[in-house]
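Peer 1: Sequence first, then the predicted structure:
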Amino acid sequence: MANVLPPFTTIKRAALDLLFPRWCLGCGREGEFLCVSCRRTMSEVVPPVCSRCGRPCPPETSCPGCSDWPENLDGVRAPFRFEGLIRHAIHQFKYSDFKAIAPMFASMLYDYLTENPLPGDTLVPVPLHPLRWRERGYNQSELVAGELGKLSGLSVTGGSLVRSAVSPPQARSANVNQRRRNVAGAFHCVDGRLRDRQVILIDDVSTSGATLGSCARALKAAGATTVWGLVIALEL
């Protein structure tokens with residue numbers, strides 16, 4: 001996978017850094033949105049992990065959280081646990097218009113994907129319902145997928161998988177069953193671009209796998225051969 005950015009992109013980012021200096025979300029130090037020292041404090045998902053949900057699990061042990069795993073979702077992987085500084089950074093990214101951190105999140109996913117390859121020939125961001133997009137003004141998953149595509153050389157297929165039903169935010173749902181009911185039938189594909197493709201779904205956080213599972217059902221129905229989820233953090 002290629003990881004060389006076009007010279008113009010590098011120059012543009014350098015110019016923006018001069019005009020708008022970066023400050024670490026953890027310690028306030030100038031230089032990066034998440035400095036090297038603070039990044040060392042972020043909780044990583046340490047192997048061995050469950051082959052399906054990606055959560056830490058002793059080898060050759062049945063994962064208790066996967067007894068009713070979504071059958072169309074081949075698995076989920078993430079570099080971090082959704083806690084502490086990474087949780088704060090994702091909340092800023094998702095709810096406070098902090099779009100500038102998307103390249104850093106994409107770089108983290110690229111590093112993870114390089115060491116832990118997944119079968120995939122295209123990246124698909126988890127879509128927002130148009131109502132949510134108008135409220136927020138952007139889709140955080142789409143921003144990360146676009147940056148990850150530049151780093152990895154993988155194509156990004158947007159607009160094929162769409163969200164046709166709006167539901168309450170998953171973080172407010174009381175349990176796994178409620179989350180699954182929220183997103184049941186919420187996604188579908190509007191064309192055949194993902195037929196016979198190996199899809200890597202990109203999102204910010206996975207809690208129960210309900211959203212990714214609903215997306216995977218729509219993608220498999222549209223002819224995708226495999227569907228893996230790749231997220232920044234898992235809520236354990």
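Peer 2: Yep, that arrived. Predicted, not measured: the structure shown is a model, and the values here were computed from it.
Peer 1: can you pull the pLDDT of Arg179?
Peer 2: Arg179 carries a pLDDT score of 74 in this model.
Peer 1: That one against Gly213, yeah?
Peer 2: No. Arg179 is beyond contact range of Gly213, at 9.6 Å (criterion: C-beta atoms under 8 Å). The C-beta positions use only the backbone N, C-alpha and C, and glycine is treated the same way.
Peer 1: Bridged to the residue positioned nearest the centre of the chain, which residues?
Peer 2: Nearest to the mean C-alpha position of the chain, by C-alpha atoms, centre = their mean, lies Asp203 at 2.4 Å. For Asp203, the beta-bridge assignment (DSSP bridges) gives partners Val231.
Peer 1: where's it relative to Glu60, distance?
Peer 2: From Asp203 across to Glu60, the span is 29 Å (C-beta to C-beta, to the nearest Å).
Peer 1: Kindly report the same for Met104.
Peer 2: 36 Å.
Peer 1: Tell me which of the two has more neighbours.
Peer 2: Neighbours were counted for Met104 and for Glu60 using other C-beta atoms under 10 Å; Met104 has more, 18 against 6.
Peer 1: Surely that one is in contact with Leu34?
Peer 2: Yes. Met104 lies in contact with Leu34 (C-beta under 8 Å); the separation is 6.3 Å.
Peer 1: Can I get stretch 181-192 in PDB? Just the C-alpha atoms.
Peer 2: The C-alpha coordinates for stretch 181-192 follow below in PDB (Å, rounded to 0.1, in the frame of the first residue of the first chain):
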ATOM      1  CA  ARG A 181     -33.500  -2.500  16.800                       C
ATOM      2  CA  ASN A 182     -32.400   1.100  16.200                       C
ATOM      3  CA  VAL A 183     -30.500   0.200  13.100                       C
ATOM      4  CA  ALA A 184     -32.400  -2.800  11.800                       C
ATOM      5  CA  GLY A 185     -33.000  -2.100   8.100                       C
ATOM      6  CA  ALA A 186     -31.600   1.400   8.300                       C
ATOM      7  CA  PHE A 187     -29.100   0.900   5.500                       C
ATOM      8  CA  HIS A 188     -29.200  -0.200   1.800                       C
ATOM      9  CA  CYS A 189     -27.200   0.000  -1.300                       C
ATOM     10  CA  VAL A 190     -28.500   2.200  -4.200                       C
ATOM     11  CA  ASP A 191     -26.300   0.700  -7.000                       C
ATOM     12  CA  GLY A 192     -24.100  -2.300  -7.800                       C
END
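Peer 1: Since that was my last question, I'll sign off now.
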